[in-house]
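[1] pasting the sequence and the predicted model now:
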Amino acid sequence: MRTRLAHLVLPCLIPLTGCAALGTVNSVPSAASLSGNWQIQSGTSITSAPAGQIFLVGSMQTQDSQVTATFNTVAVCPVRPIINYTGTYNATTGALTLNVTPAVPLLATVNVQLTIPSNPSAVATGTTSSIGALCNLTSGTLPAVGIEVPPLTGTYTGTVAAANATTTPATAVATLTLTQSATANASAQFPVTGTLQFTASTSACSSTTPVTGTISGTTFTLTSAANSVTISGFDASAGNGLSAVDITFAAGPCTGSTTAATYAGTLQ
């Protein structure tokens, strides 16, 4: 399970992590700051892919009551313009408001209103509304949800199974040790680096591979430097687990193999 150490005396200096006395705790963002990786979408549940009319993923920052954000904005069609948002946050009531009126011909405005819970990694609820059209976006008010995704930093491990019954080995233990950058890139994605340790019953199928990639909202993708391994997954469990992780070896996981193999599982 993903854990972090906290010192007994020193206070928390990083707003996205929890404090504990001489122990280990799961990462819990501070209620006083919403700065970090966010996903906001129309609908009633957080999904790994765009669903509904509005789907925003990217970076949000707070300074006192003022909020700025840069989101990949998906509305109906697969166009993903990088759009800047501004708004306000009331830490007492949890009320978050975001608005955009960019100089984009196809988009007039999008408005987000959410009530953020004391733990922003829990799902916030509210509404989104639009005026104008981005890819035939229908004007009106829709239910919405949002979530702050804790940094993808820590060690995640679990058993993964081969997607093809003829693949050898049939199962293995996969361990991802990852570090996420605190700053998003120009595409509103947070860079991630780390290693994949793949441990099977035979040493010929066991390996440790450096990986790099990005996370944006709840979805992440990692690859090896030689592009021989691709990892994708979904992080919507308050940083405690990575569900539906897929690991694909372009030439198989074993020494001397040439056939691509995919493994899937949940890493805790």
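    The structure has been received and is ready for your questions.
[2] can I assume Ala226 sits in a strand?
    No: judged by DSSP: H, G, I helix; E, B strand; the rest coil, Ala226 forms no part of a strand; its state is coil.
[3] just name the shakiest helix or strand of this protein by mean pLDDT.
    Least confident element among the helices and strands of the chain, by mean pLDDT, DSSP states H and E: strand 23-25 (a mean of 39).
[4] that strand: what's the following helix or strand?
    strand 36-42 (DSSP states H and E).
[5] which elements pack onto that next one?
    Strand 36-42 sits against strand 54-63, strand 66-75, strand 124-131, strand 140-149, with contacts defined as 3 or more CB pairs under 8 Å, 6 or more residues apart in numbering; DSSP states H and E. Heads up, the C-betas are built off the backbone N, CA and C, glycines and all.
[6] Phe249: which of the ones you listed is closest?
    Set against Phe249 and scored by CB to CB, these come closest in strand 140-149, at 26.7 Å.
[7] in the closest one, what counts as buried?
    Within strand 140-149, the residues scored as buried using 16 or more other CB atoms under 10 Å are Leu142, Ala144, Val145, Gly146, Ile147, Glu148, Val149.
[8] could I get these as CSV with distance to Ala122 and pLDDT?
    Formatted as CSV, the buried residues of strand 140-149 follow (distance: CB to CB, whole Å; pLDDT from 0 to 100):
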residue, distance to Ala122, pLDDT
Leu142, 21, 89
Ala144, 15, 96
Val145, 10, 97
Gly146, 10, 96
Ile147, 7, 95
Glu148, 9, 95
Val149, 12, 94
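[9] before we move on, the earlier item: any idea which of the helices and strands packed on strand 36-42 gets closest to Thr155?
    So among the helices and strands packed on strand 36-42, strand 140-149 is nearest, using CB to CB, at 17.3 Å.
[10] quickly run through the sheet partners of the closest one, with directions.
    With DSSP bridges as the test, strand 140-149 is paired with strand 36-42 (antiparallel), strand 124-131 (antiparallel).
[11] phi and psi next, for Cys205.
    Dihedral pair for Cys205: phi -110, psi 20, per degrees, to the nearest 10.
[12] surely it meets Pro253?
    Yes: the pair Cys205 / Pro253 is scored as a contact, 4.9 Å apart, by CB atoms under 8 Å.
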